[in-house]
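Engineer: Need coordinates for the following:
(one chain, ligands or ions: 1)
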Amino acid sequence: MPMQNVRTTPIDGQKPGTSGLRKKTAVFRRPRFLENYVQSIFDGIGGVEGKTLVIGGDGRFFNDAAIQIILRMACANGAVKCIVGQGGLLSTPAASHLIRLREADGGLILSASHNPGGPDADFGLKYNGPNGGPATEAVTDKIFECTKSLALYKIAAAEDLDLGQLGTHKLQDMVIEIVDPVADYAALMETIVDFAKIRALFEGGFTMCFDAMHAVTGPYAHAVLEDMLGAPKGTVINGQPSPDFGKGHPDPNPIWAKTLMDKMHGANAPDFGAASDGDGDRNMIVGRGAYVTPSDSLALLTAHAHLAPGYKGGLAGVARSMPTSRAADRVAESLGIGCYETPTGWKFFGNLLDAGKVTLCGEESAGTGSDHVREKDGLWAVLLWLNILAETGKPVSELMADLWKAHGRCYYARHDYEDVDGDKASVMMDGLRAKLGGLAGSRIGALTVEAADEFAYLDPVDGSQSTGQGIRVAFEGGGRAVFRLSGTGTQGATIRLYLEQLETDPARLQEAPETMLKQVRAAALILSDLVAITGRDAPDVIT
Ligand code: G16
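Structural biologist: Residues are numbered from 1 along each chain as shown. Okay, here's the model as predicted:
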């Protein structure tokens, strides 16, 4: 029997979060769990009959087995073609590019991003639409609705396909094309940044360390940085993707990319350091002795993007997620371009990019991207930085000092309280919500509240509305505290507390962030009663 209609019943907990569905791998491997969700995606997007899909993932444990199931289901649901990255690998930005390049109808990306991988760790799956971007809220809502009433899924009976073999294969009537995951992406990068300039930089002895964190960016970074741009072999470390990311946590921040941070702050540090995450969409930038916050990186790229060929005509505008610091706003204002504030989640940038309102986007969660794809793009950000370093001839620390001198410095930190009891997290958020109306003008600790609200977003392109997108409290003097619950965790609730303090005094632009954020942090803890409610007296991770 080549096709099977398998009876099923809805499975609870298949509501997509900030970026698709993320669960413990063991949950995804439960009988019918993956199949139910894939069928719900297909049903939620109006079926895949006659459609072409791009499929690939970050190579984590279960990536290959899940792809075999998805291919058989795509076949049984009538898809005509699936384009799959060799070995089942595609970085998230490369998948986004491939969807656009091949004018596919959409794609399925298998990744839990920066979360650890392995049988006891995390897995994820998300659907990207024909523009290459993450499904909008309207689409994810439809998918979720389908998960609640699913009665059958369709799957073809077939042998596993060898995902390592490039070329065209057949699964019954469906064509499967296995492609080099790197080639098209690398070719796109050549059209955006000045490869000759960057090659000359490396020829001149410029040194760099790129930590691929045993994740999907390894092959991309080896090919682009070492093979095409001539960076010495060894520039890319941890460049071989592994199903459990070398037992690491592929999250490019100062905590999880500690090896790189130590190297960049030690003796004989390279000129430039960078890291990327599990699926290659996040990035961390660090100069010799100079860590750059993701918010500052967005501001710096906004200020200097015109130095790269892809942006030489200037930027249409810039967008940032609400919790991201307001550094980019200050640069945008000085450039006279639009600046948009969206909820957390790359899916909210898609409409702005498609409508040509913005060219660059960024988030505090180590994401930066541009209109070249519809996802954030880790390696692209690194290449744009390299282009800027090559053009200006200045080290990272000097570029940052110049930026702060011109626009002021938004000191910034995110404090994560992980695996908090979900009820307690809700009590805290509800308590804050209840206080919002009367906060303006009140004195909290050493600060006075200027404004407080719960962020809601009205999409300027399609008029859709998103409410409940985080509580923000602005203080007089340029301080701000934002509270949100993460939508990407797989265990308990993660409270994110985002702290920001603007400083424009030229004498106070090189202070320690923790010193500058002390008052905002104290006020945030008083306001939220976080310690008493959650029983946590310190965050688990500060980035
Ligand atoms: C995803 C989204 C990002 C978001 C991040 C953090 O990133 O694509 O837009 O900023 O999650 O979300 P949260 O604060 O809800 O955990 P990634 O890299 O995990 O796909």
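
Engineer: Whatever residue of the stretch 251-400 of the chain ends up closest to the ligand: helix or strand, and which one exactly?
Structural biologist: For the stretch 251-400 of the chain and the ligand, the shortest gap (CB to the nearest ligand atom) falls at S365, measuring 3.7 Å. For every residue, glycine as well, the C-beta is placed using N, CA and C. In the assignment (DSSP states H and E), S365 maps to no helix and no strand.

Engineer: do A274 as well
Structural biologist: Assigned by DSSP H and E, A274 falls in strand 272-276.

Engineer: Who are the contact partners of G20?
Structural biologist: Applying CB atoms under 8 Å, 6 or more residues apart in numbering, one finds that G20 lies in contact with 109, 124-127, 134-135.

Engineer: Okay, now stretch 156-164: how far is its last residue from its first?
Structural biologist: 21 Å (CA to CA, to the nearest Å).

Engineer: Repeat that for stretch 123-137.
Structural biologist: Stretch 123-137 end-to-end distance (CA to CA) = 21 Å.

Engineer: same question, stretch 226-235
Structural biologist: 7 Å.

Engineer: Show me the contact partners of stretch 40-52.
Structural biologist: 14, 73-74, 77-83, 102-106, 108, 125, 127, 129, 135, 139-140, 142-147, 150.

Engineer: Among these, name the buried ones.
Structural biologist: Burial by neighbour count, judged by 16 or more other CB atoms under 10 Å, picks out 14, 73-74, 77-83, 102, 104-106, 108, 125, 127, 129, 135, 139-140, 142-144, 146-147, 150 from the contacts of stretch 40-52.

Engineer: Considering only the residues you listed, which also neighbour the ligand?
Structural biologist: Counting by CB under 6 Å from any ligand atom, the subset of the buried ones among the contacts of stretch 40-52 that neighbours the ligand is empty.

Engineer: In strands, which of those fall?
Structural biologist: When DSSP state E defines the strands, the subset of the buried ones among the contacts of stretch 40-52 inside them is 81-83, 106, 108, 125, 127.

Engineer: out of the contacts of G20, who's nearest R30?
Structural biologist: L125 (13.9 Å; CB to CB).

Engineer: Test of understanding: give the bridge partners of I109.
Structural biologist: Beta-bridge partners recorded for I109 (DSSP bridges): G56, K126.

Engineer: Count the neighbours of it for me.
Structural biologist: 28 (other CB atoms under 10 Å).

Engineer: what does the model give it for pLDDT?
Structural biologist: I109 is assigned a predicted lDDT (pLDDT) of 98.

Engineer: Looks like it contacts G129 (just checking).
Structural biologist: No. I109 lies out of contact with G129 (CB atoms under 8 Å); the separation is 11.6 Å.

Engineer: Tell me which two in the ones in strands among the buried ones among the contacts of stretch 40-52 are the farthest apart.
Structural biologist: K81 and L125, at 19.6 Å, using CB to CB across these.

Engineer: related to what we said a few turns ago, partners of the strand holding A274, with directions?
Structural biologist: Counting by DSSP bridges, strand 272-276 is paired with strand 208-211 (parallel), strand 283-287 (antiparallel).

Engineer: What segments of the stretch 151-300 of the chain are strands?
Structural biologist: 152-156, 167-171, 174-179, 208-211, 236-237, 272-276, 283-287, 290-292 (DSSP state E, counting those that start in this stretch).

Engineer: Run through the residues of this structure sitting next to the ligand.
Structural biologist: 18-19, 113-114, 281-282, 321, 344-346, 363, 365, 367, 486-488, 496.

Engineer: Keep only those of the residues you listed that are in strands.
Structural biologist: Short answer: the residues of the chain next to the ligand in strands (DSSP E) are 321, 363, 367, 496.

Engineer: Which residue comes closest to the third one once chain neighbours are left out?
Structural biologist: The one in question is G367. K376 (3.5 Å; CB to CB, 6 or more residues apart in numbering).

Engineer: ok but that neighbour is inside a strand, no?
Structural biologist: No. Counting by DSSP: H, G, I helix; E, B strand; the rest coil, K376 falls outside a strand, being coil.

Engineer: Would you check that it makes contact with L360?
Structural biologist: No. Contact criterion CB under 8 Å: K376 and L360 do not qualify, at 10.6 Å.

Engineer: what do those two both touch?
Structural biologist: 368-369.

Engineer: in what helix or strand does R472 lie?
Structural biologist: Secondary structure (DSSP H and E) places R472 in strand 471-475.

Engineer: Check which helices and strands that strand sits against.
Structural biologist: helix 422-435, strand 447-454, strand 479-485, helix 518-528 (3 or more CB pairs under 8 Å, 6 or more residues apart in numbering; DSSP states H and E).

Engineer: Out of those, which is the most enclosed?
Structural biologist: Ranked by average neighbour count under the criterion mean count of other CB atoms under 10 Å, these are headed by strand 479-485 at a mean of 24.

Engineer: neighbours around the closest residue to D540 other than its chain neighbours, how many?
Structural biologist: Excluding its sequence neighbours, the residue lying closest to D540 (CB to CB, 6+ apart) is E418, at 4.4 Å. E418 sits with 16 neighbouring residues when counted by other CB under 10 Å.

Engineer: hang on, isn't E418 packed against L485?
Structural biologist: No. If you go by CB under 8 Å, E418 and L485 don't touch, sitting 11.3 Å apart.
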